[in-house]
Every structure is written in C-alpha cells, then in structure tokens.
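J.: here you go, sequence then predicted model.
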Amino acid sequence: MPTKHQSLKGKLLLDNGRLHGSFFHRGVILICEHDAEGAFGLVLNRVTGNSVGEAVVAKLPATLKQHPLFLGGPVQPQALSFLHSDSFLPEASVMPNLHLDHSIDSLMEISESYSPTRQIKVFAGYAGWSPGQLDDEMKRDTWLVHPASVELVFYPKPDDLWKLILAEKGWKYRIIADAPDDLSWN
C-alpha cells in the first residue's frame, strides 16, 4: 500500500550536520509549498551582503531599499520572492500570518502601506525539489524538521538561526551545533 504524502509546508528544514560542502550546509529552509508536484523553499539564513535596493531595478520606497537581500536558494538566483507577515493576514499562504509572493508590484504595494506589525524578507533565488525528491531525501535522513514560526522566519540574527534552533532541540543537537565548521579544527 503506498504511503500517503505528508506535506512539509510551513515547516523548517535544517542541515542535520551531514551537508558539509553543499549549498545547504548549516542552512535553515522554510518550506513554502510541498505537494505531489515537488517542493519550494527559501533559505532563511543566507544574507547576500547586498540590500534590496542594490539588487532590484525598480523604484522602491527608501525603507524597502535598505532591507537586506537574502539568497533563497541555488535555483534561479535572479528570481524574486518575498515573505511578509502582519498581526492579521487573512491571505496567508505559507502558515498563519505569513504570506509568500513573487510580484514586484505586490512588494511595492505592501511596502508603501503602513503597518507597525508588518515584516518583510526579500529573497533572490529559491530551493526547489522535483516530484518525490524531498520525500526521498527525508527517507535518507538528510534533513531535520522543526516547526516554523513567524518569529524564527524573521529572527533578527539570521547567521545564528541554525545554531539557535539546534540548541533548542536538545543536547544531542547542541553537539552538532557546537561542532567546528571544519572537523579537522577539533
């Protein structure tokens, strides 16, 4: 009997310490879509070093131009995606109060309207999996799964996110988080 597909949409995938040398080494990925057609995610902890204004050729509000640009994944680095959150977001598509969009017009509209509780994170590129690929990787124990939250998606120190989540998962994972990047340093 075939196993029922279990969607990881709205969950975080973390490098379990075995992805050394890959793009996803110490990565934290928010899975935005996952169904029989494949999966789409955004790496939350890869800051490009550029601001949105340096990378996007459009007339953007000054506040948005200053936001850091994140590298969402190795696929189509010229593709734009963004996550936005607010205290009440009825059109949320990823999880409660968190919406994914790809339109520059929507990004401009959201950034021009005022809300003291809104948060925006802009990405170049994405992480993608073909049909069944992510399910196979899960069977091979490639990833750790962790519940996502708006707080983790917009964590103010993205470089620390992987270690923070692993430390929260308990002592066994804290050992992985505290291991040196290069094991020869040990």
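T.: Arrived safely. Please read all numbers here as calculations on a predicted model, not as lab measurements.
J.: state the pLDDT value of the nearest residue to Arg18 once chain neighbours are set aside.
T.: In space, and not counting its chain neighbours, Arg18 is closest to Thr142: 7.0 Å by Cβ to Cβ, 6 or more residues apart in numbering. C-beta coordinates here come from the backbone N, C-alpha and C atoms, glycine included. Listed pLDDT for Thr142 reads 88.
J.: was I right to think Thr142 contacts Gly17?
T.: No - using Cβ atoms under 8 Å, Thr142 is not in contact with Gly17; the gap is 10.8 Å.
J.: related to what we said a few turns ago, pull the number of nearby residues for the residue nearest to Arg18.
T.: By the measure other Cβ atoms under 10 Å, the count of residues near Thr142 is 16.
J.: ok, it - contacts?
T.: Asn16, Arg18, Leu19 (Cβ atoms under 8 Å, 6 or more residues apart in numbering).
J.: among the residues you listed, show me the least confident.
T.: For the contacts of Thr142, the pLDDT minimum is Arg18, 83.
J.: and that residue, how many neighbours does it have?
T.: Neighbour tally, Arg18, other Cβ under 10 Å: 13.
J.: next one: phi and psi at it?
T.: Here is the backbone geometry of Arg18 (degrees, to the nearest 10): phi -110, psi 10.
J.: how close does it sit to Ala179?
T.: 11 Å (Cβ to Cβ, to the nearest Å).
J.: just Lys163 next, same as before
T.: When Cβ to Cβ is applied, the distance between Lys163 and Ala179 equals 10 Å.
J.: what's the answer for Ile165, then?
T.: Counting by Cβ to Cβ, the gap from Ile165 to Ala179 is 15 Å.
J.: which one of those two has more residues nearby?
T.: Between Ile165 and Ala179, Ile165 has the larger neighbour count (other Cβ under 10 Å), namely 20 against 13.
J.: tell me if I am right that the more buried one is in a helix.
T.: Yes - according to DSSP: H, G, I helix; E, B strand; the rest coil, Ile165 belongs to a helix.
J.: buried set for stretch 138-148?
T.: Under the neighbour-count criterion of 16 or more other Cβ atoms under 10 Å, stretch 138-148 has Thr142, Trp143, Leu144, His146, Ala148 buried.
J.: ok, stretch 8-18 next?
T.: Here stretch 8-18 shows Leu8, Lys9, Gly10, Lys11, Leu12, Leu13, Leu14, Asp15, Gly17 as buried, counting by 16+ other Cβ under 10 Å.
J.: flag the shaky bits of this protein, pLDDT-wise.
T.: Residues of the chain meeting the criterion pLDDT under 70: 1-5, 181-186.
J.: now the helices for the chain?
T.: In the chain, the helices defined using DSSP state H lie at 52-55, 62-65, 104-112, 133-139, 150-153, 161-168, 171-178.
J.: which one of those helices lies closest to Val75?
T.: Among the helices of the chain, helix 133-139 comes nearest to Val75, with 12.2 Å by Cβ to Cβ.
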